[in-house]
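Novice: with the sequence up front, the predicted model follows.
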Amino acid sequence: MPIGTVITFSLNLLSALVALLTSYYAYRANRLVGNSVLGAVSIGFMLLGIGLVVDAGTSLVTGRLLIEFPADRLVTVLASFTYLTVQMVAYLVIAVGYGRAAYGGASKAVVPAVLVGWAANLYGYTVLSYFVVLLLLAFVVFQGFLLRSGKKGGMSAIVMLAFGLVLFAHIVLLVSVLTSGRLLFLTGTGIQFLGFLALLVFVIRSEVVGPG
């Protein structure tokens with residue numbers, strides 16, 4: 001197995017662990033305060049953790065990354081579709097949580113966009129999914145900025161940093177998909193891990209994930 005694939009597998013597995021821990025601690029905090037952002041983060045990061053386990057397992061079994069699109073293996077294609085779909089749904093849940101915090105109701109405008117790619121091939125679906133995730137993350141960061149401006153909090157800057165890193169990671173990942181850049185894919189995976197880790201630090205150190 002190429003060293004790049006090994007590193008990406010390890011980062012995805014660590015990111016999955018961090019995502020699941022973030023989900024757990026956010027769930028614990030949400031039981032105390034009933035915050036829509038906390039609930040969304042808990043559900044969203046649980047889904048992300050599961051999706052990353054699927055992606056890591058696929059790369060381990062095949063020895064290839066999602067970016068290489070091994071379409072000759074049906075199981076790998078199905079696993080890739082599963083991971084990409086779970087990832088979109090996870091960020092959709094988080095975006096809805098921020099929408100509720102900002103506007104008092106769920107934003108439904110992004111839901112049709114998540115469903116568009118079902119009929120597409122794996123490459124088209126991958127590009128679409130990363131683009132949709134970018135839109136969702138941009139929405140989360142923007143709403144977090146607005147909420148932070150309205151109600152400042154000390155540690156909430158870490159949440160902004162976390163989602164900012166994840167947003168930047170997905171920009172790099174999208175470019176890597178469009179250019180078939182393995183190094184860019186590895187870089188984006190590493191940045192995403194740092195973003196997950198920053199959010200985990202916040203939910204461990206705080207009993208509530210502040211709005212932002």
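Specialist: The structure has been received and is ready for your questions. Residues are numbered from 1 along each chain as shown.
Novice: mind listing the helices for this structure?
Specialist: 3-33, 36-62, 74-103, 111-115, 122-150, 156-179, 182-205 (DSSP state H).
Novice: mean pLDDT lowest for which of those helices?
Specialist: Mean pLDDT is lowest for helix 111-115 among these, at a mean of 45.
Novice: now for the residue nearest to Thr189 when sequence neighbours are not counted: which residues touch it?
Specialist: Of all residues not flanking Thr189 in the chain, Leu11 sits nearest, at 4.7 Å (C-beta to C-beta, 6 or more residues apart in numbering). In this view, the C-beta of every residue, glycine as well, is placed from N, C-alpha and C. Applying C-beta atoms under 8 Å, 6 or more residues apart in numbering to Leu11 gives the contacts 186, 189-190, 192-193.
Novice: ok, so of the residues you listed, who is nearest Val140?
Specialist: Ranked by distance to Val140 (C-beta to C-beta), those are led by Gln192 at 14.2 Å.
Novice: touching, Ser176 and Gly188? I think so.
Specialist: Yes: look at Ser176 against Gly188 with C-beta atoms under 8 Å: they come within range, at 5.9 Å.
Novice: so Leu174 sits against Leu128, correct?
Specialist: No: contact between Leu174 and Leu128 fails when scored by C-beta under 8 Å: they sit 10.3 Å apart.
Novice: just the CA coordinates of stretch 24-43, formatted as PDB?
Specialist: Output in PDB follows, covering the C-alpha atoms of stretch 24-43 (Å, rounded to 0.1, in the frame of the first residue of the first chain):
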ATOM      1  CA  TYR A  24     -20.400  12.100  22.600                       C
ATOM      2  CA  TYR A  25     -19.300  15.200  24.500                       C
ATOM      3  CA  ALA A  26     -21.700  17.400  22.600                       C
ATOM      4  CA  TYR A  27     -24.600  15.000  23.400                       C
ATOM      5  CA  ARG A  28     -23.700  15.100  27.100                       C
ATOM      6  CA  ALA A  29     -23.600  18.900  27.100                       C
ATOM      7  CA  ASN A  30     -26.900  19.000  25.100                       C
ATOM      8  CA  ARG A  31     -28.700  17.000  27.700                       C
ATOM      9  CA  LEU A  32     -27.900  19.800  30.200                       C
ATOM     10  CA  VAL A  33     -28.800  22.900  28.100                       C
ATOM     11  CA  GLY A  34     -30.900  21.700  25.100                       C
ATOM     12  CA  ASN A  35     -29.100  23.800  22.600                       C
ATOM     13  CA  SER A  36     -29.900  23.300  18.800                       C
ATOM     14  CA  VAL A  37     -26.300  23.700  17.800                       C
ATOM     15  CA  LEU A  38     -25.200  21.100  20.300                       C
ATOM     16  CA  GLY A  39     -27.800  18.700  19.100                       C
ATOM     17  CA  ALA A  40     -26.800  19.200  15.500                       C
ATOM     18  CA  VAL A  41     -23.100  18.900  16.300                       C
ATOM     19  CA  SER A  42     -23.800  15.700  18.200                       C
ATOM     20  CA  ILE A  43     -25.800  14.100  15.400                       C
END
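Novice: all good on my end, thank you.
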